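J.: how does the following fold in three dimensions:
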Amino acid sequence: MATFVLVHGGGHGGWCYQRLARVLRAEGHEVYCPTLTGLGERSHLLNPSIDLETHIEDVVSLLFHEDLHDVYLAGHSYGGMVITGVADRALDRVGHLVFLDASHPQDNESLADVAPGMMEYAYRHMRVVNGIELIELPEDQAIPSYGLSDPADMAWAKPRLKPHPWACFTQKLRLTREAEVRKLPRTSINCTPTLKIRPPELLHRALEGDHIFEIDTGHDLMITEPRKVADMLIEVVQREEAKALKQ
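T.: Predicted coordinates for the structure are as follows:
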């Protein structure tokens, strides 16, 4: 049995992993789906101080308070920024990093640095509410970027999407143990449409790792293809367990 901690991306919440978590739990795995501060059911906590470091601390705190070790720490989209920071801060609790169509940052990079096209699009829909710069608003313009082509999926997700503080996407990630983080086993599950629009000079980051998968679906793969994504994650666990037995 493996322990998964699934970190959502911009505008989403732990709710977006319901389908994927259900499959993994049915297979006997332990699954946590935290919601980052200011989003999802925690949107009432939205305030001007929220940034990338806030969200990193959210997950570090979960790992500590649930006393989790050797976790498969997965991040979707912006969640790739978060899990990389979490691994740096709580290296002794993370056993494997999983990037779900996610950003692959290095030290001193922001999401705006590693996904400039997507961030330029999001910035065009930014609003200032109560002094907070917010983007990825749950409006018709934002939905297409998530790749939710099924009307039922769109109807389910749209009322749950929340505005996301722009500061999270511009704050630079600070890594103090980057070399050690890079030694962690890692998996990338890439969506075909996203691979086509990744910056050419950064594409190799999505194709490097111990286990690489590609799935032809929209960006919100945990919603559109939960069974296939679960099968890939279970395969990774089985491969890693087989590798450990040989050592």
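J.: worst-scoring helix or strand of this structure, pLDDT-wise?
T.: Scoring the helices and strands of the chain by mean pLDDT, DSSP states H and E places helix 116-123 at the bottom, with a mean of 74.
J.: note down every partner strand of the following helix or strand past that helix and its orientation.
T.: The helix or strand immediately downstream of helix 116-123 is strand 127-129, counting by DSSP states H and E. Using DSSP bridges, strand 127-129 pairs in its sheet with strand 132-135 (antiparallel).
J.: please, where are all the strands along this structure?
T.: 3-7, 30-32, 71-76, 94-100, 127-129, 132-135, 164-165, 186-191, 211-215 (DSSP state E).
J.: would TSV of those strands with distance to residue 112 and mean neighbour count be doable?
T.: For the C-beta atoms, the positions are set from N, CA and C on the backbone; glycine is no exception. Output for those, formatted as TSV (distance: least, Cβ to Cβ, whole Å; neighbours: other Cβ atoms under 10 Å):
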stretch	distance to residue 112	mean neighbour count
strand 3-7	19	25
strand 30-32	28	18
strand 71-76	17	27
strand 94-100	18	25
strand 127-129	17	10
strand 132-135	11	19
strand 164-165	13	26
strand 186-191	20	22
strand 211-215	25	16
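J.: and those strands as JSON lines, adding mean pLDDT?
T.: JSON lines is the format used below for the strands of the chain (pLDDT from 0 to 100):
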{"stretch": "strand 3-7", "mean pLDDT": "99"}
{"stretch": "strand 30-32", "mean pLDDT": "98"}
{"stretch": "strand 71-76", "mean pLDDT": "98"}
{"stretch": "strand 94-100", "mean pLDDT": "98"}
{"stretch": "strand 127-129", "mean pLDDT": "85"}
{"stretch": "strand 132-135", "mean pLDDT": "87"}
{"stretch": "strand 164-165", "mean pLDDT": "94"}
{"stretch": "strand 186-191", "mean pLDDT": "98"}
{"stretch": "strand 211-215", "mean pLDDT": "98"}
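J.: for those strands, give me JSON lines that also has distance to residue 40.
T.: Output for the strands of the chain, formatted as JSON lines (distance: least, Cβ to Cβ, whole Å):
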{"stretch": "strand 3-7", "distance to residue 40": "12"}
{"stretch": "strand 30-32", "distance to residue 40": "14"}
{"stretch": "strand 71-76", "distance to residue 40": "13"}
{"stretch": "strand 94-100", "distance to residue 40": "17"}
{"stretch": "strand 127-129", "distance to residue 40": "17"}
{"stretch": "strand 132-135", "distance to residue 40": "15"}
{"stretch": "strand 164-165", "distance to residue 40": "11"}
{"stretch": "strand 186-191", "distance to residue 40": "22"}
{"stretch": "strand 211-215", "distance to residue 40": "24"}
